[in-house]
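K.L.:
After the sequence you'll find the predicted model.
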Amino acid sequence: MSEQPAPPFAVRLAEKICGFAADHVTELARRRARASIIDTVAVTLAGIPEACTQILLKTGGIAQGPGDALIFGTDRRTSALDATFVNGVASHALDFDDFSGVFGGHQSVPLVAPLIAVGEERKVSGRQLLLAYLVGVETELKLARAVHYHHYDKGWHPTSTLGTIGAAAAAAYLLKLGPQRTATALAIAASLSSGIKANFGTMTKPLHIGQCGRNGLMAALLAEAGFEANHLAYEHEQGFFNVFNGPGLFDMEKALADWWHPAEIEQKGIALKQFPCCGSTHPAIAMMLALRREENIRAGDVAHIQVLPNGRRLRHTNTPRPATSLQAKFSVQYVVGRALLSGAVRLKDFEGNAHRDPEILKLLDITDAEPHPEMTESSSQQWGAEVIVTLKDGRKVSRRVDNMVGRDGDHPMTNDELWEKFEDCARRTLPLEQIAPLFERLETLDAVADIDQITQLARVSRLHDRATPSRGSFAPRSTEPAPETTWVP
Amino acid sequence: MNEFDVIVVGAGNAALAAAVSARENGAERVVVLEKAPRDMRGGNTHWSGGVLRFAFDDPREIDPLIPGAAEEYENFYEGISPYTKDDYHGDLMRVTNGRTDPILSRILVDQSKATVFWMNTVGRIKMEPAITLSAIRKDNMMIWARGMVVRAAHEGVGLSRSWFATAENMGIDVRYGSAATSLVLDGDGRVSGVTVREDDGLRTYSARSVVLGCGGFEANVQMRTQHIGALIGQAKVRGTPHNQGDGLRMALAIGAMPWGQWAGCHATPISADWGEFAPRELTDRSNRLSYLYGVMLNKRGKRFLDEGEDTALFTYAKFGRAILAEPGAKAYQIFDSQVVHLLEPRYQTSKPVTSDTLEALIAQLDIDDKTEALKSLADYNRAAHRASDGFDPTRKDGLSSHGLTPEKTNWAVKIDKPPYYAYSATGGITFTFGGLKVTEKAEVVGTDWRPLPGLYACGEMIGGLFYDNYPAGTGLVSGATFGRIAGRNAAHRARS
């Protein structure tokens, strides 16, 4: 009796995907998935006005086909594929989305845009969307374990290369394709995967995200409709692993090991970005906010601020006098001062002349930044910072964290902090009255019967032009009695 | 030993004000029993506009509530007229036709400012200028309307979120899915607890004090029909489906006295696109109040009221009921492209039927007599004016039709510029006015005119404040004022 050869990789992976059931989901996984989905919707809304998104919306042939999927922050509807493309680009436009060390990239943005777009067309529930998202994250991070860090170091952009496959997996799960067609979707996705790091720092980095989500969704839609692909597309000598990594430079079995034991999303390396500036400044901002909150200090009380990040974090963020709002994002001095002054670091702090605010300039005059003498650059903990504030009354107060890579599993964002970020991001695009209801609906995603309940709150109708008053002037009160409001409760 | 010092039934603005106040006043074990699950929590507060009407003498007194507003808007405080306690009380008397409870209304007005500051400092409720709804635009200037300057940031949803966050930070136990079914009395007839139905069955919680803050009966079709009448019986519900009159019935069952206008409610025209309950995520944006810029047709294809009689503020209440009296309790509001930009932004929560011809528009509508509908529109267009004849959407422009029954007496402009738009409308109920009799300490009074020991009420459960109508922005301030009083007195009783 001859031994059966192992089924193709795509089929084995498809079986893992299709075998996922709601009872695999722990409360922790559910909570973290929800937070990441909320966060991704937030940064998508923040990214809509960005140039890269707006160029897409003006380019002929993009998002002009008919369909029921919403482009966030507009009242345009188009195909799920094109809505994924535009919303996906927007979601990464500011590089303000969540990330994972294992993945070497951003695990949520390839998934959320296609799941919402096709979920809206197919009228799926919030619970189904959440499960599909978890499948996508698990697929992405398991694949990363099979190919990293060679894949990353070679120059591939894993968010995009692996994200394409993750998006195909998530969409296939949402569309309930079953193992054979899911394997086909994965095999199609292997051919559509792309993205090189040479384009980091340009609009083409977020373009990768729109494209990978769109390609992943397309792979699933084609497989659903009976399209064909080679199920050996991964392990084949001219397949994904050998072509992208190279013979001997990957470990395929790692992609299939330990599914849901525990779920990748439960690992501590998954992190949200709390502030819209360079991640290297975040530990120092967090320390200043802690001082402000716990010691109740205000800018007027302060005589001197000493910022001591790990030297590796300071090197590219040591900008004592930022000259542009882009430089302000890479100025640990500015963002720490802003945290003290405003109790928050928000998107508007990097717009216009916010970095030249006279109150900020006063703080920059009394701020010094140096590498922390005790935090070594070669240590495994390179994301520490200490902030020491000398008060005018002579008291010294300080806070220190030794390692904090974004808001990771050891430092999760509170619900209030997530709301603050959401509000800040959504304000760029949505009318005020839709922001809190949208957050609330996403917070209770499990109870959403139809994704349309979410997207209708992300839509901006032309009737809103009247609703948003431009900053205006008030007429002085007159001797006549003030008029009644015309507003009806 | 009681399990709790204070039990609060309900989890809207009034109930959570009561819970926070009880905790602030020394009650250690405070529990909030929320009948709804987590995703439906917060009562009608979630649906509210978050407006807070309160009395002030000098507009600058408001500054601590909305720091920074004066820098953001030119002439911010110079434009606000003082709104004295007498002004506020006068408005309450005027809109209730003189019937508001003399004692309770004075408490509400006198404490209104202190209540709002308490919401801000102790309740940690963020506030913002109520510009989008209170400032009337004229040319390039905005004119402040009277008495409505401040709202909760992010409206009712933000208000609800803040209350829950504060309650949780103060160590108040909030239980979802816990539906109070009856009040428990001890051997001396004092209220000593509440029986609730939870997922796993019935149980009883005990406490020295119980505060009822669980709203009116607007979501209960039987009570609506019985107390307000058959028309409102068929209304759609704009707010929470959980306000079923449970608290009122529980209190009446132990001898509480009904008080106020049980036949009264707040109701407006709303979209008919949804089921019995407007979707939660659309909050207060179910209203359809821009009928003055078009016409309304019933299912027989006929106009049935003077859409231009006055601005919506003065017509919405009767028009909501008027639509309910039409066949199928339904009407369509018809607009053309020259007025569609004037519609309230709330209209964007439903998708209009549109067409380039009136014939094709009417063909798509749930109207039984389509020929009659087209005739009504043709008759209207013959009797109406061109916009260039003096149409002015900012005031009653006197542009009246001639020869129609009924006439349209203002804003009667021809509907002849395609594309055309149709929005459905029906009557929607917001909240009910009938409630319980309470003392100035928010103690519930029995039909023997004595307080029922251990029982307090607040929010929409208090009867006697509103008759026929209420001034916008008063509901939340009343809820928080009497919630605060109820919580304080409940705490004192629990500690005595």
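P.N.:
Cool, the structure landed. Numbers count the residues shown, from 1 in each chain, chains lettered A, B, ... in the order given.
K.L.:
so what pLDDT did B:Leu108 get?
P.N.:
In this model, B:Leu108 is scored at 98, pLDDT.
K.L.:
Quick check: phi and psi on it?
P.N.:
Backbone torsions of B:Leu108, given as degrees, to the nearest 10, read phi -60, psi -50.
K.L.:
excluding its backbone neighbours, what's nearest the residue positioned nearest the centre of chain B?
P.N.:
Nearest residue to the geometric centre of chain B (CA atoms, centre = their mean): B:Thr430, 5.0 Å. Of all residues not flanking B:Thr430 in the chain, B:His266 sits nearest, at 4.1 Å (CB to CB, 6 or more residues apart in numbering or on different chains). (Each C-beta comes from the backbone N, C-alpha and C, glycine too.)
K.L.:
With B:Gln338 instead?
P.N.:
Ranked by CB to CB, 6+ apart and with sequence neighbours excluded, the top spatial neighbour of B:Gln338 is B:Lys417, at 4.5 Å.
K.L.:
Can you classify the one you found by secondary structure?
P.N.:
coil (DSSP: H, G, I helix; E, B strand; the rest coil).
K.L.:
contacting residues for it?
P.N.:
B:336-338 (CB atoms under 8 Å, 6 or more residues apart in numbering or on different chains).
K.L.:
ok, now B:Glu128?
P.N.:
Neighbours of B:Glu128 in contact, by CB under 8 Å, 6+ apart: B:66, B:69, B:150-153.
K.L.:
So of those residues, which two are at opposite extremes in space?
P.N.:
B:Ala69 and B:Ala152 (14.5 Å; CB to CB).
K.L.:
So these two - more neighbours on which side?
P.N.:
Legend: neighbour count by other CB atoms under 10 Å in any protein chain shown for B:Ala69 and B:Ala152, higher for B:Ala152 (31 against 18).
K.L.:
Looking at strand pairing, list the partners for that one.
P.N.:
B:Met127 (DSSP bridges).
K.L.:
close enough to count as contact, it and B:Leu52?
P.N.:
Yes - in this structure, B:Ala152 is within contact of B:Leu52 by CB atoms under 8 Å, at 6.8 Å.
K.L.:
coming back round to it: the residue nearest to B:Thr430 looks like it's in a strand, true?
P.N.:
Yes - judged by three-state DSSP, B:His266 forms part of a strand.
K.L.:
give the contact list for it.
P.N.:
Counting by CB under 8 Å, 6+ apart, the residues that B:His266 touches are A:489, B:317, B:429-431, B:433, B:466, B:469-470.
K.L.:
what's the answer for B:Leu313, then?
P.N.:
B:Leu313 neighbours (CB under 8 Å, 6+ apart): A:484-488.
K.L.:
again, only using 7 Å
P.N.:
For B:Leu313, the contact set (CB atoms under 7 Å, 6 or more residues apart in numbering or on different chains) comprises A:484, A:486, A:488.
K.L.:
Tell me the buried residues within the contacts of B:Lys417.
P.N.:
B:336, B:338 (16 or more other CB atoms under 10 Å in any protein chain shown).
K.L.:
Could I get the pLDDT score of the residue of the stretch 51-200 of chain A found nearest chain B?
P.N.:
Nearest to chain B in the stretch 51-200 of chain A, going by CB to the nearest CB, is A:Asp75, at a distance of 8.2 Å. pLDDT recorded at A:Asp75 is 92.
K.L.:
same question, A:Pro431
P.N.:
With respect to pLDDT, A:Pro431 has a value of 92.
K.L.:
Could you do A:Arg466 as well?
P.N.:
On the pLDDT scale, A:Arg466 gets 52.
K.L.:
coming back round to it: closest to chain A among the contacts of B:Lys417?
P.N.:
When those are compared against chain A (criterion: CB to the nearest CB), the nearest one is B:Ser337, at 11.8 Å.
K.L.:
Now the closest one: closest residue in space, sequence neighbours ignored.
P.N.:
The shortest distance from B:Ser337 to any non-neighbouring residue, by CB to CB, 6+ apart, is to B:Lys417 (4.8 Å).
K.L.:
ok so, going back, tabulate the contacts of B:Leu313 (CSV), appending distance to B:Ala322.
P.N.:
Below are these laid out as CSV (distance: CB to CB, whole Å):
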residue, distance to B:Ala322
A:Glu484, 22
A:Thr486, 20
A:Val488, 15
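K.L.:
filter those residues by proximity to chain B?
P.N.:
When contact is defined as CB under 7 Å from any CB of the partner chain, these meet chain B at A:484, A:486, A:488.
K.L.:
got a winner among these for most neighbours?
P.N.:
Ranked by neighbours (other CB under 10 Å), the ones next to chain B among the contacts of B:Leu313 are led by A:Val488, which has 23 neighbours.
K.L.:
So that one, which state does it fall into?
P.N.:
A:Val488 is classified as coil under three-state DSSP.
K.L.:
if I look at it, how far off is B:Gly26?
P.N.:
Plainly put, A:Val488 is 41 Å away from B:Gly26 if you go by CB to CB, to the nearest Å.
K.L.:
Would you mind putting the contacts of B:Leu313 into CSV with pLDDT alongside?
P.N.:
Below are the contacts of B:Leu313 laid out as CSV (pLDDT from 0 to 100):
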residue, pLDDT
A:Glu484, 79
A:Thr486, 79
A:Val488, 88
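K.L.:
check contacts around residue 310.
P.N.:
I'll assume chain A. A:372, A:375, A:377, A:382-385.
K.L.:
looking at chain B here, not the other one
P.N.:
B:Asp310 sits next to B:Lys396 when contact means CB under 7 Å, 6+ apart.
K.L.:
contacts for the worst-scoring helix or strand of chain B on mean pLDDT?
P.N.:
Ranked by mean pLDDT, DSSP states H and E, the weakest helix or strand in chain B is strand B:135-138, scoring a mean of 72. With CB under 7 Å, 6+ apart as the contact definition, strand B:135-138 has outside contacts at A:469, A:483, A:486, B:142-145, B:394.
K.L.:
8 Å instead?
P.N.:
A:469, A:472, A:474-475, A:483, A:485-486, B:142-145, B:394.
K.L.:
Same question for stretch B:368-376.
P.N.:
By CB under 8 Å, 6+ apart, the residues outside stretch B:368-376 that reach it are B:295, B:297, B:299-303, B:327, B:358-359, B:362-363, B:365, B:367.
K.L.:
Same list, these, but as JSON lines with pLDDT and neighbour count please.
P.N.:
Converted to JSON lines, the contacts of stretch B:368-376 look like this (pLDDT from 0 to 100; neighbours: other CB atoms under 10 Å in any protein chain shown):
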{"residue": "B:Val295", "pLDDT": "98", "neighbour count": "25"}
{"residue": "B:Leu297", "pLDDT": "98", "neighbour count": "26"}
{"residue": "B:Lys299", "pLDDT": "97", "neighbour count": "19"}
{"residue": "B:Arg300", "pLDDT": "98", "neighbour count": "15"}
{"residue": "B:Gly301", "pLDDT": "98", "neighbour count": "20"}
{"residue": "B:Lys302", "pLDDT": "98", "neighbour count": "19"}
{"residue": "B:Arg303", "pLDDT": "98", "neighbour count": "23"}
{"residue": "B:Pro327", "pLDDT": "96", "neighbour count": "13"}
{"residue": "B:Leu358", "pLDDT": "98", "neighbour count": "20"}
{"residue": "B:Glu359", "pLDDT": "98", "neighbour count": "13"}
{"residue": "B:Ile362", "pLDDT": "98", "neighbour count": "25"}
{"residue": "B:Ala363", "pLDDT": "98", "neighbour count": "14"}
{"residue": "B:Leu365", "pLDDT": "98", "neighbour count": "19"}
{"residue": "B:Ile367", "pLDDT": "98", "neighbour count": "25"}
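K.L.:
Many thanks, we can stop here.
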